[in-house]
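Visitor: Coordinates for the following, if possible.
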Amino acid sequence: MRGMKGLVSGEVGSHQPCPPRRRRRPGGDGSLCMFAPAKINLNLLVGPRRADGFHGVDSLVVRITMFDRLHVRLRDDGRIVFHCRGADCGPDADNLVLRAARALAQSTAVGGAEITLEKRIPPGKGLGGGASDAAAALESLNELWGLGLDGSQLASVAANLGSDVPVFLGPPAARMTGRGERIEPLRVHPFFAVLIVPEFACRTPEVYEAFDHAPEPAAAQLPAELLARPASTWRDRLTNQLAAAAMRTCPALRELHDRARRTVNLPVHITGSGSAMFILCDEADEANAAARKLNKHLPAVSLVVKPNAW
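Guide: Below is the predicted model:
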């Protein structure tokens, strides 16, 4: 687990202190620092593949206290320069931050920025780090370039980048429907979550392909008022309709999920298309005790996070 511990802390407690706000200006050079939080899908329902190639989704999404960080400063030569350190960001051409910056520059006929991404949210875990980074890039460049675009205009750019990007431009807890572009605020009772982050990753396209071969039956979303109660009253009712497909494509995920459930005797849920999992708790003591036990018995990093305030 040496590589993973370099990205996520294996210590019990919140992964990072929650910054008081999403953005801050670190100096007098006009630069901007933007925090990009991870997310978990409390409930994830997936429909069949649509004519446009996307799947309809209905998901209850909560941002959590795990963050990437973007440093953005203006350039006067019109170029967009991108750097990444930390987790593997993949080829620059595929990175959602760079794609977001170029899309915004193209749609507004402005440009010129240097963006450095400090990657702490591990990719391939269903935590939405790439989508959150893209949303943070859109917000920061909108401010630095003085574009004055409103939320709906930014969301329009975001929707063309990926289905998960618009939700990171909305409220910290939301119901996400359509292909991900329709966002409604959601009230969720405060909780602590034990986040289980394995070394291995799940490839989202493979998970959706497996889902298409054996789709889940249609289901009703949880009532919104239920989530306003303590998590212990509804944590055993959560479902992720990609979970079975993720376990078929990645047998190690099924094994780790079953071991985690047996170790703490609590409901264990997969977020997104995997491979990260979470356990909801009402109190910090319960979450910390579960994280300690999991770190002792599982080949994965377990840490405690909370819903993010913004």
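Visitor: Phe192 - how many residues pack around it?
Guide: Phe192: 22 surrounding residues under other C-beta atoms under 10 Å. (C-beta placed from N, C-alpha, C; glycine too.)
Visitor: pretty sure it is touching Glu283, no?
Guide: Yes. Using C-beta atoms under 8 Å as the test, Phe192 is close enough to Glu283 to be in contact (6.8 Å).
Visitor: And Leu195, how close does it get to Ala291?
Guide: Counting by C-beta to C-beta, to the nearest Å, the separation of Leu195 from Ala291 is 9 Å.
Visitor: got a list of what the closest residue to Val46 other than its chain neighbours touches?
Guide: Nearest-residue entry for Val46: Gln241, 4.5 Å, with adjacent residues in sequence omitted and distances by C-beta to C-beta, 6 or more residues apart in numbering. Going by C-beta atoms under 8 Å, 6 or more residues apart in numbering, Gln241 touches Leu44, Leu45, Val46, Phe211, Glu216, Ala219.
Visitor: List the contacts of the residue nearest to the spatial centre of the chain.
Guide: Taking C-alpha atoms, centre = their mean, the centroid of the chain lies closest to Gly128, which sits 2.5 Å from it. Contact analysis of Gly128 by C-beta under 8 Å, 6+ apart lists Ala38, Lys39, Ile121, Asp164, Val167, Phe168, Gly272.
Visitor: Which pLDDT does the model give the third one?
Guide: We have a pLDDT of 95 for Ile121.
Visitor: and if you look at the last one?
Guide: Gly272 is assigned 98 on the pLDDT scale.
Visitor: Lowest-scoring secondary structure element of the protein by mean pLDDT?
Guide: Among the helices and strands of the chain, helix 2-5 carries the lowest confidence by mean pLDDT, DSSP states H and E, at a mean of 53.
Visitor: now the strands: where do they sit in the stretch 201-310 of the chain?
Guide: Counting by DSSP state E, counting those that start in this stretch, the stretch 201-310 of the chain has strands at residues 269-270, 277-281, 300-305.
Visitor: any chance of those strands in CSV, plus mean neighbour count and distance to Asp77?
Guide: Shown next, in CSV, are those (neighbours: other C-beta atoms under 10 Å; distance: least, C-beta to C-beta, whole Å):
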stretch, mean neighbour count, distance to Asp77
strand 269-270, 26, 45
strand 277-281, 26, 44
strand 300-305, 25, 40
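Visitor: re the thing from before, just give the strands next to the next helix or strand after the least confident helix or strand of the chain in its sheet, each with its orientation.
Guide: Moving toward the C-terminus from helix 2-5, the next helix or strand (DSSP states H and E) is strand 23-24. With DSSP bridges as the test, strand 23-24 is paired with strand 32-49 (antiparallel).
Visitor: what's the offset of the strand it pairs with from the middle of its chain?
Guide: 4 Å (C-alpha atoms, centre = their mean, to the nearest Å).
Visitor: Check stretch 192-208 too.
Guide: 11 Å.
Visitor: what's the span of that stretch from first residue to last?
Guide: End-to-end distance of stretch 192-208 (C-alpha to C-alpha, to the nearest Å): 29 Å.
Visitor: ok, for Ala158, nearest residue in space, not its chain neighbours?
Guide: Among residues not flanking Ala158 along the chain, Val165 sits closest, at 4.0 Å (C-beta to C-beta, 6+ apart).
Visitor: For that neighbour, give me its contacts.
Guide: Leu96, Ala100, Ala131, Ala134, Ala135, Ala158, Ala159, Gly180.
Visitor: Spit out the contact partners of the fourth one.
Guide: Contacts here follow C-beta under 8 Å, 6+ apart; on that basis Ala134 touches Leu96, Val97, Arg99, Ala100, Ala158, Leu161, Gly162, Val165, Phe168.
Visitor: Got the confidence number for the residue nearest to Cys18 when sequence neighbours are not counted?
Guide: Spatial nearest neighbour of Cys18, excluding adjacent residues (C-beta to C-beta, 6+ apart): Thr65 at 4.9 Å. At Thr65, the predicted lDDT confidence score is 96.
Visitor: Start the count at 36 instead of 1 going forward.
Guide: OK, 36 is where the count begins now, so the last one is Thr100.
Visitor: Now do the SS call for Thr100.
Guide: What DSSP: H, G, I helix; E, B strand; the rest coil gives for Thr100 is strand.
Visitor: still on that earlier bit, any idea which of the contacts of Val200 is the one closest to Arg289?
Guide: Checking the contacts of Val200 against Arg289 with C-beta to C-beta, the nearest one is Ala166 at 25.6 Å.
Visitor: Low-confidence ranges, this protein, go.
Guide: Residues of the chain that meet the criterion pLDDT under 70 lie in 36-52, 62-63.
Visitor: okay, now the domains of it?
Guide: 55-220, 227-340 (automatic domain parsing).
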